[in-house]
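[1] Only the shape, not the letters, is given here:
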């Protein structure tokens with residue numbers, strides 16, 4: 001497409017370069033070549049601009065480069081503009097309506113004609129599969145489950161009984177929506193008695209779930225992942241949790257039962273959330289941190305147990321110096337002891 005069209009569709013402004021220049025792809029600074037657009041968002045990569053072969057570059061406001069031979073597309077957020085360009089050059093494939101001969105569709109399932117169901121997939125009794133849905137091979141949808149319009153379930157995904165996947169969701173390989181919650185009661189002989197898990201999981205619209213993630217259904221009621229939330233690979237969401245709109249949960253994070261995660265919260269990799277806690281809107285919990293108490297909206301939390309990120313940074317800086325501090329204290333103790341002995345001698 002022409003540079004002018006690319007600028008319009010990515011909400012950018014041409015600052016340098018011909019509007020009629022042809023752009024046919026988007027790539028990183030070190031990979032982009034003739035006819036391709038790239039971006040600079042992190043100052044760390046500024047030196048790569050000198051060697052990039054890209055024809056055009058997205059730059060955020062206030063960022064400058066020393067190249068006059070590259071077309072400049074000025075955007076409020078260069079990374080966002082580049083993302084939009086990638087989506088333009090790599091649109092999602094249209095579905096090819098049809099059901100593979102080896103798929104098993106229960107006669108009492110309600111399956112729209114405009115769906116694509118791959119080999120060996122199974123759709124159970126009283127399921128609803130709406131228009132535009134794509135089930136890759138080996139997807140299993142249990143009885144009574146609903147997959148709404150435009151959603152994509154990749155190979156190995158399981159949607160358990162009575163669970164719901166909203167519109168335009170993406171669930172990646174081998175994830176389970178609605179696995180049993182981890183609930184047991186101890187009987188008179190101190191043996192574990194399984195608590196029936198009869199609730200469900202609801203994914204609202206525009207949710208994306210990574211590979212090998214498990215979202216447990218509630219014993220009663222529901223576990224709900226709200227609109228636009230993004231959950232990475234290898235994440236555990238416990239029973240009766242609520243993840244609010246546009247939250248971002250990174251790989252290997254675990255949420256114990258009945259956790260409430262607020263809007264736009266970011267949980268970085270390997271974060272642990274204890275049960276029945278609330279993480280307020282716009283809070284951030286940094287990687288490998290864990291909390292056993294509620295988190296206020298907007299806070300940045302680090303460490304185990306988690307506390308304010310700025311205090312944590314100061315504490316970790318001091319921790320690295322503990323050896324030096326201990327040595328200094330010992331030397332000070334020796335000097336005090338020597339001074340005290342000298343005073344005693346003088347007496």
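    Arrived safely, thanks for sending. Source: prediction; values computed, not measured. Numbers count the residues shown, from 1 in each chain.

[2] Check which residues of the longest helix along the chain are buried.
    In the chain, taking DSSP state H as the definition, the longest helix is helix 322-346. Neighbour-count burial for helix 322-346, counted by 16 or more other Cβ atoms under 10 Å, picks out no residue. For the C-beta atoms, the positions are set from N, CA and C on the backbone; glycine is no exception.

[3] Are we agreed that residue 215 is in a helix?
    No. Counting by DSSP: H, G, I helix; E, B strand; the rest coil, residue 215 falls outside a helix, being strand.

[4] That one reaches residue 237, doesn't it?
    Yes. With contact defined as Cβ atoms under 8 Å, residue 215 counts as touching residue 237 (4.3 Å).

[5] what do those two both touch?
    By the contact definition Cβ atoms under 8 Å, 6 or more residues apart in numbering, residue 215 and residue 237 are jointly contacted by 223, 225, 231.

[6] Just the closest of those to residue 136, please.
    Using Cβ to Cβ, residue 231 is the member of the shared contacts of residue 215 and residue 237 that sits closest to residue 136, with 18.8 Å.

[7] for the longest helix of the chain, packing partners?
    Using 3 or more Cβ pairs under 8 Å, 6 or more residues apart in numbering; DSSP states H and E as the contact test, no helix or strand touches helix 322-346.

[8] Show residues contacting it.
    residue 318.

[9] Kindly report the same for stretch 101-121.
    By Cβ under 8 Å, 6+ apart, the surrounding residues in contact with stretch 101-121 are 95-100, 122-141, 143, 155.

[10] Centre of the chain to it, how far?
    Chain-centre distance of stretch 101-121: 30 Å, with Cα atoms, centre = their mean, to the nearest Å.

[11] gap between the two ends of it?
    With Cα to Cα, to the nearest Å applied, stretch 101-121 spans 10 Å between its terminal residues.

[12] I'd like the distance between the closest residue to residue 63 other than its chain neighbours and residue 59.
    Spatial nearest neighbour of residue 63, excluding adjacent residues (Cβ to Cβ, 6 or more residues apart in numbering): residue 40 at 6.3 Å. As defined by Cβ to Cβ, to the nearest Å, residue 40 lies at a distance of 6 Å from residue 59.

[13] pLDDT weak spots in the protein?
    Applying pLDDT under 70 to the chain flags residues 307, 344-347.

[14] Do a quick rundown of the helices in this protein.
    3-9, 78-89, 309-320, 322-346.

[15] Next, count neighbours for residue 18.
    11 (other Cβ atoms under 10 Å).

[16] list the contacts for the closest residue in space to it that isn't next to it in sequence?
    Among residues not flanking residue 18 along the chain, residue 3 sits closest, at 6.7 Å (Cβ to Cβ, 6+ apart). By Cβ under 8 Å, 6+ apart, the contact set of residue 3 is 14, 17-23, 56, 71, 73.

[17] Which of the residues you listed has the largest number of neighbours?
    residue 73 (27 neighbours).

[18] What's the separation between that one and residue 45?
    In terms of Cβ to Cβ, residue 73 sits 17 Å off from residue 45.

[19] Residue 132 now?
    Taking Cβ to Cβ, one finds residue 132 at 38 Å from residue 45.

[20] related to what we said a few turns ago, now distance to residue 87 and neighbour count too, for the shared contacts of residue 215 and residue 237, in JSON lines please.
    Formatted as JSON lines, those follow (distance: Cβ to Cβ, whole Å; neighbours: other Cβ atoms under 10 Å):
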{"residue": "223", "distance to residue 87": "30", "neighbour count": "28"}
{"residue": "225", "distance to residue 87": "23", "neighbour count": "29"}
{"residue": "231", "distance to residue 87": "20", "neighbour count": "26"}
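
[21] Among these, name the ones in strands.
    If you go by DSSP state E, the shared contacts of residue 215 and residue 237 have 223, 225, 231 in strands.

[22] ok, so of the residues you listed, who is nearest residue 210?
    residue 231 (6.1 Å).

[23] I figured the closest one hits residue 211, correct?
    No. Look at residue 231 against residue 211 with Cβ under 8 Å: they stay out of range, at 10.6 Å.

[24] what's across from residue 140 in the sheet?
    residue 122, residue 158 (DSSP bridges).

[25] ok, it - how many residues close by?
    19.

[26] mind listing what it touches?
    121-122, 124, 157-159.

[27] Which of those residues ranks first by neighbour count?
    residue 159 (28 neighbours).

[28] That one and residue 175 touch, don't they?
    No. Counting by Cβ under 8 Å, residue 159 does not reach residue 175; the two are 9.4 Å apart.

[29] re the thing from before, now intersect the contacts of residue 3 with the strands, please.
    Short answer: these in strands (DSSP E) are 14, 56, 71, 73.

[30] of all these, which two lie farthest apart?
    Those two in these that are separated most widely, counting by Cβ to Cβ, are 14 and 56, at 8.8 Å.

[31] Name the residues contacting each of these two.
    3, 71-73.

[32] and which of those is nearest residue 33?
    Distances from residue 33 to those, taken by Cβ to Cβ, are shortest for residue 71, at 14.1 Å.

[33] list the contacts for the closest one?
    Going by Cβ under 8 Å, 6+ apart, the list of residues near residue 71 reads 3, 14, 16-18, 21, 55-57.
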